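Undergrad: Below is the sequence, then the predicted model.
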Amino acid sequence: MAWLDYASIGFLVVFLGTVFLVGELLVKAKGIFAILGILLMSLFFSYHIDSISGLWIILLYIVGLGLIILDGKVISDGTIAILGAVLMSFGLAVPVPGFTYGLLVIFGFVIGLFASSLFLKVFPRRNLWSKITLRDRLTGEEGFNSLNETYTGLVGKKGKTLTPFRPTGTVVIDGKQYSATSGAQWIEPNEEVEVISVDGTRILIKKMNQKEKEELNG
């Protein structure tokens, strides 16, 4: 595996490993992405770590990944996920030979994080980043017709974010507060938003662009 001595190959392996590992967290891939990601990252670490003392680096990477999963399932504000990403980056950069190689694998990791979101356009979304209150979707078939009609009537309405969306938070619409999600978009507090869809009690919003804000404000 001497080809892993080349920084460009290390970049590619880390990029693809990250794409598949994070992709498994975002979409329902039946574990295939997880297997591919683990194989690629195992290949990377097994080549660059040659002693028992180096196992702490792998542990650092695993802890970082765990923090990202924890943020998605429990906290959902992005803070812990950012810390996890930093730990993973550090774990990738430390064992490689040279500054340039380390910089490239960090770039590969960061680009892989963003590139993994492309899977959302093809595969069914995994509800990792939805809070429990958003996952409990009350549908008309379950006897919640009145509630469902109330929420459905929010589609197209404008409001303002009360809390940060990472990507879930609280939005104010017609003077009432609702739990909502912005999908993959991060939105700051006090931003004007629009409800684009409702599924049961799950409200999906988007940030309004400047033109839409001008039309709304007359």
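TA: Yep, it's here. Residues are numbered from 1 along each chain as shown.

Undergrad: can you map out the helices along this structure?
TA: 7-26, 32-48, 55-70, 79-93, 99-115, 132-135, 145-152, 210-217 (DSSP state H).

Undergrad: List the contacts of the fourth one.
TA: To tie it back to what came earlier, the one meant is helix 79-93. Residues outside helix 79-93 that contact it (Cβ atoms under 8 Å, 6 or more residues apart in numbering): 14, 44, 57-58, 60-61, 63-68, 70-72, 102-103, 105-106, 109-110, 113, 166. Every residue, glycine included, has its C-beta placed from N, CA and C.

Undergrad: Quick check, Arg202 in contact with Gly183.
TA: No: applying Cβ atoms under 8 Å, one finds Arg202 not in contact with Gly183, separated by 10.8 Å.

Undergrad: Among these two, which residue is more densely surrounded?
TA: Per other Cβ atoms under 10 Å, whichever of Arg202 and Gly183 has more neighbours is Arg202, with 20 against 16.

Undergrad: ok, that one to Ser179 distance?
TA: Distance, Arg202 to Ser179, using Cβ to Cβ, to the nearest Å: 9 Å.

Undergrad: Equivalent analysis for Trp56, please.
TA: 40 Å.

Undergrad: Equivalent analysis for Ser46, please.
TA: Counting by Cβ to Cβ, the gap from Ser46 to Ser179 is 44 Å.

Undergrad: In terms of neighbours, single out the busier of these two.
TA: Comparing Ser46 with Ser179 by neighbour count (other Cβ under 10 Å), the higher total belongs to Ser179, at 16 against 12.

Undergrad: While we're on the closest residue to Pro97 other than its chain neighbours, how confident is the model there?
TA: Closest residue in space to Pro97, ignoring its immediate chain neighbours: Asp5 at 7.4 Å, by Cβ to Cβ, 6 or more residues apart in numbering. Predicted confidence (pLDDT) at Asp5: the value is 81.

Undergrad: what's around Asp5, how many residues?
TA: A count of nearby residues for Asp5, using other Cβ under 10 Å, gives 13.

Undergrad: next one: Phe114
TA: 12.

Undergrad: The one 4 residues further on too?
TA: Neighbour count for Leu118, taken as other Cβ under 10 Å: 13.

Undergrad: Tell me the spacing between it and Leu26.
TA: From Leu118 to Leu26 the distance is 10 Å (Cβ to Cβ).

Undergrad: do the same with Leu4
TA: Separation of Leu4 from Leu26 (Cβ to Cβ): 27 Å.
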